[in-house]
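Participant: how would this look folded up:
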Amino acid sequence: MRLVLDTNTAISGLLWHGTPGKLIDAARAKSVLLCTSAMLLAELRSVLMREKFAKQLETRRLNAIEVFDGYAALTAIVVPAIIHPTVINDPSDDAVLACALAAKADLIVSGDRDLLTLKSFREIPIVTAAEAVRALSGQ
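Facilitator: This next block holds a predicted model:
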């Protein structure tokens, strides 16, 4: 199964052991393929460097670069498709959609209301991390 995680879902999975973490674990076990783009990776790196994540990184005895490099190593990097603007409230979310289309993703995983409201993009379901974990269980 090919998944595209939005940045917030990826960070949740990397820094906390909740439901998004199960998706990261599935990628480490090679049960799923996480797909991303250079733009999404740049956003992830930038967000991981924010001060608000420093304590969680320190608690886990990690640094932002190690976390970023570990995630990047788990992913297949695609060149995003060219799409028409879709997410009016947050045009940066279009990067997730463009990546998923290029990756031929089975699911887009997000907690972002603007993305979840779409429900799907060009027949690619947009689901929460919990819904993605359920889908993996039913493979």
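
Participant: contacting residues around the residue lying closest to Lys104 once chain neighbours are set aside?
Facilitator: Distance criterion C-beta to C-beta, 6 or more residues apart in numbering; nearest residue to Lys104, sequence neighbours excluded, is Arg2 at 6.4 Å. In this view, the C-beta of every residue, glycine as well, is placed from N, C-alpha and C. If you count contacts by C-beta atoms under 8 Å, 6 or more residues apart in numbering, Arg2 has them with 32-33, 35, 103-107.

Participant: And His84, by the same measure?
Facilitator: Per C-beta under 8 Å, 6+ apart, neighbours of His84: none.

Participant: shouldn't Gly111 be in contact with Thr9?
Facilitator: Yes. Counting by C-beta atoms under 8 Å, Gly111 does reach Thr9; the two are 5.9 Å apart.

Participant: More neighbours: those two, which one.
Facilitator: Legend: neighbour count by other C-beta atoms under 10 Å for Gly111 and Thr9, higher for Thr9 (25 against 16).

Participant: List the contacts of the helix or strand encompassing the more buried one.
Facilitator: Thr9 belongs to helix 7-15 when elements are defined using DSSP states H and E. Contact with helix 7-15 is made by 5, 18, 20-24, 40, 43-44, 47-48, 53, 56-57, 60, 67, 70-71, 109-112, 129, as judged by C-beta under 8 Å, 6+ apart.

Participant: buried stuff in the worst-scoring helix or strand of the chain on mean pLDDT?
Facilitator: Scoring the helices and strands of the chain by mean pLDDT, DSSP states H and E places helix 54-59 at the bottom, with a mean of 92. For helix 54-59, a neighbour-count test (16 or more other C-beta atoms under 10 Å) marks Leu57 as buried.

Participant: following it, which helix or strand shows up next?
Facilitator: Once the chain leaves helix 54-59, the next helix or strand it forms, by DSSP H and E, is helix 64-74.

Participant: what's that following helix packed up against?
Facilitator: Helix 64-74 sits against helix 7-15, helix 19-28, strand 33-36, helix 38-48, with contacts defined as 3 or more C-beta pairs under 8 Å, 6 or more residues apart in numbering; DSSP states H and E.

Participant: if you set the cut-off to 6 Å instead, what comes out?
Facilitator: helix 38-48 (3 or more C-beta pairs under 6 Å, 6 or more residues apart in numbering; DSSP states H and E).
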